[in-house]
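K.L.:
Got a predicted model here, sequence first, then my questions.
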Amino acid sequence: MEIITALYLIPVGISDAPLSDTLPSANVGIVRNIRHYIVENVRTARRFLKKCDRDIDIDSLTFCELNRHTEPRDVSAYLEPLRRGEPVGLMSEAGCPAVADPGAIVVGLAQREGLKVVPLVGPSSILMSLMASGFNGQGFAFHGYLPIEAAARAKAIKDLEAESARKNMTQIFIEAPYRNNKMLATLVSTLRGDTMLCVACDLTDPEHESVVSRPTSRWRGVKTDYDKRPAIFLIYSGSTVTL
């Protein structure tokens, strides 16, 4: 497959489902022709590429890590292959790169330099959870992680609830998997009973995927266990979604 000189934004699976279930075959064709990668973690990136095609010569590829340990002054050098006419792939740990992901720094640099950027199709837990929630998909915001400290977290939740009502928008956020149950308990005790709450868990996993939306009052007393599972939370306190 012939590809152009560009920064390719390569989505990665978000569950253990076969890649063919969530990624277009064209992505694999592109991956086979890229020799330079910018990734969050080299080990998981190598594992993903081997899942794409076992015949890829991993040892012939070059990898640059982009994560919280990366010095900002080093990032520009990661695009040197692209500047000299070679395609470069950007991968997140999971899902779509540059969305709630440090890869946005590289994409912004490429855009400022007028370098070609090509986003590829793949799973995004943010969009998939919004699609399945039944909440407002025309006005929404993703907030990443909420504060850990109890009082600050409760205030952030109340602020998001108020903004949802005021702007008729869906609020989306995540938590570290081992704190999911604690997050749900805080949401249930903090939100109004009529505020809609959705928990989307194990998205794209054919055996364990779960997306449940109900008023907060109906979450109270329900036995659930979301700990150590990838989950995303959505709240909606706006008016009923209409055509």
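P.N.:
Perfect, I can see it now.
K.L.:
what about this protein, any weak spots by pLDDT?
P.N.:
Flagging of the chain using pLDDT under 70 yields the residue ranges 1, 240-243.
K.L.:
Strands of that one, residue ranges please.
P.N.:
7-10, 36-39, 62-65, 88-91, 117-119, 140-145, 170-174, 196-201, 210-215, 231-236 (DSSP state E).
K.L.:
Quick check: which of these is nearest to Ser133?
P.N.:
When the strands of the chain are compared by C-beta to C-beta, strand 196-201 sits nearest Ser133, at 4.1 Å. (Glycine included, C-beta is placed from N, CA and C.)
K.L.:
Please save the CA atoms from that closest one in PDB.
P.N.:
The C-alpha trace of strand 196-201 is given here as PDB (Å, rounded to 0.1, in the frame of the first residue of the first chain):
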ATOM      1  CA  MET A 196     -28.800  11.400  34.500                       C
ATOM      2  CA  LEU A 197     -25.700   9.400  35.100                       C
ATOM      3  CA  CYS A 198     -24.100   7.000  32.600                       C
ATOM      4  CA  VAL A 199     -21.300   4.600  33.200                       C
ATOM      5  CA  ALA A 200     -19.700   3.000  30.100                       C
ATOM      6  CA  CYS A 201     -17.300   0.200  30.800                       C
END
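K.L.:
State which helix of the protein is the longest.
P.N.:
helix 150-167 (DSSP state H).
K.L.:
which of the residues in it are buried?
P.N.:
For helix 150-167, a neighbour-count test (16 or more other C-beta atoms under 10 Å) marks 153-154, 156-157, 160-161, 164 as buried.
K.L.:
list the contacts for the closest residue to Ala162 other than its chain neighbours?
P.N.:
Computed as C-beta to C-beta, 6 or more residues apart in numbering, the closest residue to Ala162 that is not its neighbour in sequence is Ser237, at 7.7 Å. Counting by C-beta atoms under 8 Å, 6 or more residues apart in numbering, Ser237 makes contact with 161-162, 164-165, 191-192, 194-196.
K.L.:
try 6 Å this time
P.N.:
Ser237 makes contacts with 161, 164-165, 195, as judged by C-beta atoms under 6 Å, 6 or more residues apart in numbering.
K.L.:
And Asp227, by the same measure?
P.N.:
By C-beta under 6 Å, 6+ apart, the contact set of Asp227 is 178, 180-181.
K.L.:
Same question for Cys52.
P.N.:
Contacts of Cys52 (C-beta under 6 Å, 6+ apart): 28, 31.
K.L.:
all numbers from here: first residue = 5
P.N.:
Taking 5 as the first residue, the last one we looked at is Cys56.
K.L.:
From Ala180, how far out is it?
P.N.:
Using C-beta to C-beta, to the nearest Å, we find Cys56 at a distance of 28 Å from Ala180.
K.L.:
before we move on, the earlier item: closest one to Arg39 out of the contacts of Ser241, please.
P.N.:
Of the contacts of Ser241, the one sitting nearest to Arg39 (C-beta to C-beta) turns out to be Ser168, at 45.7 Å.
K.L.:
Please spell out which residue in the chain sits farthest from the middle.
P.N.:
Here the chain reaches farthest from its C-alpha mean at Arg88, the gap being 30.4 Å by C-alpha atoms, centre = their mean.
K.L.:
gap between it and Gly112?
P.N.:
Distance, Arg88 to Gly112, by C-beta to C-beta: 20 Å.
K.L.:
Distance-wise, check Glu210 relative to Ala21.
P.N.:
For the record, residue 210 is Pro, not Glu. Computed as C-beta to C-beta, the Pro210 to Ala21 distance reads 6 Å.
K.L.:
So between those two, which is more surrounded?
P.N.:
Ranked by neighbour count (other C-beta atoms under 10 Å), Pro210 and Ala21 place Ala21 first, with 18 against 11.
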